[in-house]
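Novice: Here is the input, now give the coordinates:
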Amino acid sequence: MLVKTFGSAVYGIEATTINVEVNISTGTKYYIVGLPDNAVKESWQRIESAIMAIGFRMPRQKIVVNLAPADIRKEGSAYDLSIAIGILAASGQILNEEITNYIILGELSLDGSIQSIKGALPIAIQAKADGFKGIILPTANAREAAIVSDLDILGVERLDQVVGFFEGKVHLPPTNVNIDDEFANKINNYEVDFADVKGQENIKRALEIAACGGHNVILIGPPGAGKTMLAKRLSTILPPLTIEESLETTKIHSVAGKFSASEALMTIRPFRYPHHTISDVALVGGGANPQPGEISLAHNGVLFLDELPEFKRTVLEVMRQPLESRKISVSRAKFTVEYPASFMLIAAMNPCPCGYFNHPERECICGSAVVQRYLSKISGPLLDRIDLHVEVTPVEFKELSNGRSAEDSGAIRQRVIGARKIQEKRFENNAHVHSNAQMSSKSVRDICLLDDTGRKLLHAAMERLNLSARAYDRILKVARTIADMESSEKIQPAHIAEAIQFRSLDRENWMG
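Specialist: Here you go, the predicted structure:
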């Protein structure tokens, strides 16, 4: 007897519905065809044990399972449940026409319990698009999938619950999630705040500019100056995620298996903080079975690279293309997977190995050649892609001991939201641009117009600092952001001057 059930496969951050065809006929062996990987092939032992554990029998006949379309590789253990239900239906142990109305996914344990899967949200989105009535999946993934409306999300913990549901003996209540409540409860759920930072007003100003325009930042300063403390608070002043951004970010984390059972939606912008020993594949994504890397997990949020020169140069160089295109393509012999990677990069570094080069009070013990060798670990093309170069100086005792409370993240965020609204209106006809940092070179020429004084000022800076064409564009973008913060329609010479001040690595002739 031939029976069809339905599963789903995730490629990149999109899902594809998989037909699970089970045919039982005369014979003795089991076969799984349709490009299954080892995890799928090993499912027989799990399925047989689970079926017997709930009091049913495993047919001792020839069983052929076809996972269609057969030219797409099937990976992972999520097909266990759909195959098990197909076997029980094909052997006549359960009878129900409703089976074809549901996507059925879950990994089976030997005792019949069901383990969580990856990619529940993109699977739910595709199931709705394909017209399915609902999804039967592990309870641990139910809240995540329930973000999709007009779809019955049925969470289960054991195989016998699924069998009982199709036999009409068990009622499975649909899981419901209120998106508005999720945002209201967690949108300001940050453990850090700019109110904790004493002094460093110039650095706060630079980070506010970066947040307003979505610009990349590098902080250079001695140990203990507060670089890491400041960087960790950048995400607290970024505008709240929109529904579209939240869904896209959630899909990436879902595919990567970074969601817990209590979470339903990413409501705050991600902040990723990889260690400097990370590999290039872990940073940008890939592997034998491609997975999102740190730059994709930071999509719509912040990627913080502390101790930047300690990262392997090859790791840093693979970021150059994603910083420009805001996506990463992972190519293999038979397929290509594309992950979004629109993130704000914030990096921190010491000015030299000992950390005290140009320190106002402590003497640097590194020779000039050592300093140059240390700084050359950061290539010129990578520095060109960083808009703001900010020098961080130590905080004086009188600032640390001052009892006055600093401005909190909420107040700064309101100003950032105001500047972003100006940019949203400016780019309302361009679906791929949302902030000044994302402008193309053509848009920069059209939008960032200068008067004669501003043009002469920028020309002098270009000649004195020997800046590249990319650095020229970056200065104009930052100047446009500063003008937006002041609600100025035109870029004033003061805005250009402040933007030029944030090219300190060019000014000190620190060359890669």
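
Novice: Output the contacting helices and strands for the host helix or strand of Asp446.
Specialist: Following DSSP states H and E, one finds Asp446 within helix 441-447. Applying 3 or more C-beta pairs under 8 Å, 6 or more residues apart in numbering; DSSP states H and E, we find helix 441-447 packed against helix 469-485. Quick note: C-beta positions are derived from backbone N, CA and C, even for glycine.

Novice: ok now the next helix or strand after the helix it packs on, how far from the chain's centre?
Specialist: Beyond helix 469-485 on the C-terminal side, the first helix or strand identified by DSSP H and E is helix 493-501. Computed by C-alpha atoms, centre = their mean, to the nearest Å, the chain-centroid distance of helix 493-501 equals 32 Å.

Novice: Give me the buried positions along the next helix or strand after the helix holding Asp446.
Specialist: Downstream of helix 441-447, the next assigned helix or strand under DSSP H and E is helix 452-465. By 16 or more other C-beta atoms under 10 Å, the buried positions in helix 452-465 come out as Gly454, Leu457, Leu458, Ala461, Met462, Leu465.

Novice: coming back round to it: any buried residues in the helix holding Asp446, and which?
Specialist: Neighbour counts over helix 441-447 (16+ other C-beta under 10 Å) mark Ser443, Val444 as buried.

Novice: and that helix, average pLDDT?
Specialist: Average pLDDT, helix 441-447: 88.

Novice: Just the residues contacting that helix, thanks.
Specialist: Arg426, Asn430, Val433, Met439, Asp473, Leu476, Lys477, Arg480 (C-beta atoms under 8 Å, 6 or more residues apart in numbering).

Novice: if you set the cut-off to 10 Å instead, what comes out?
Specialist: 426-427, 430, 433, 436, 439-440, 469-470, 472-477, 480, 491 (C-beta atoms under 10 Å, 6 or more residues apart in numbering).

Novice: hmm, back to that, where's the dip in pLDDT among the buried residues of helix 452-465?
Specialist: Within the buried residues of helix 452-465, lowest confidence goes to Leu465 (80).

Novice: May I have the residues that are in contact with the residue most central in space within the chain?
Specialist: Nearest to the mean C-alpha position of the chain, by C-alpha atoms, centre = their mean, lies Leu297 at 2.5 Å. Leu297 makes contacts with 249, 252-253, 255-256, 258, 270-272, 274, 285, 291, 303, 339, 341, 343, as judged by C-beta under 10 Å, 6+ apart.

Novice: picking that back up, including distance to Thr314, could the buried residues of helix 452-465 go into TSV?
Specialist: As requested, the buried residues of helix 452-465 are exported to TSV (distance: C-beta to C-beta, whole Å):
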residue	distance to Thr314
Gly454	39
Leu457	38
Leu458	34
Ala461	32
Met462	31
Leu465	28
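
Novice: Could you let me know which of these ends up closest to Met319?
Specialist: Leu465 (23.6 Å; C-beta to C-beta).

Novice: you'd agree the closest one is up against Ile500?
Specialist: Yes: using C-beta atoms under 10 Å, Leu465 is in contact with Ile500, at 8.0 Å.

Novice: in this protein, which helix or strand is least confident?
Specialist: helix 504-507 (a mean of 63; mean pLDDT, DSSP states H and E).

Novice: I'd like the distance between the residue nearest to Val284 when sequence neighbours are not counted and Ala210.
Specialist: Closest residue in space to Val284, ignoring its immediate chain neighbours: Gly293 at 4.5 Å, by C-beta to C-beta, 6 or more residues apart in numbering. For Gly293, the distance to Ala210 (C-beta to C-beta, to the nearest Å) stands at 22 Å.

Novice: Just the ones of the contacts of Leu297 in helices?
Specialist: Thr249, Ile252, His253, Val255 (DSSP state H).

Novice: Give me the three-state assignment for the residue nearest to the first one when sequence neighbours are not counted.
Specialist: Spatially, and ignoring its direct neighbours in sequence, Thr249 is nearest to Met266 (4.4 Å; C-beta to C-beta, 6+ apart). Secondary structure for Met266, judged by DSSP: H, G, I helix; E, B strand; the rest coil, is coil.

Novice: burial count for Met266?
Specialist: Met266 is flanked by 26 other residues according to other C-beta atoms under 10 Å.

Novice: Please apply the same query to Ser379.
Specialist: By other C-beta under 10 Å, neighbour count at Ser379 equals 15.
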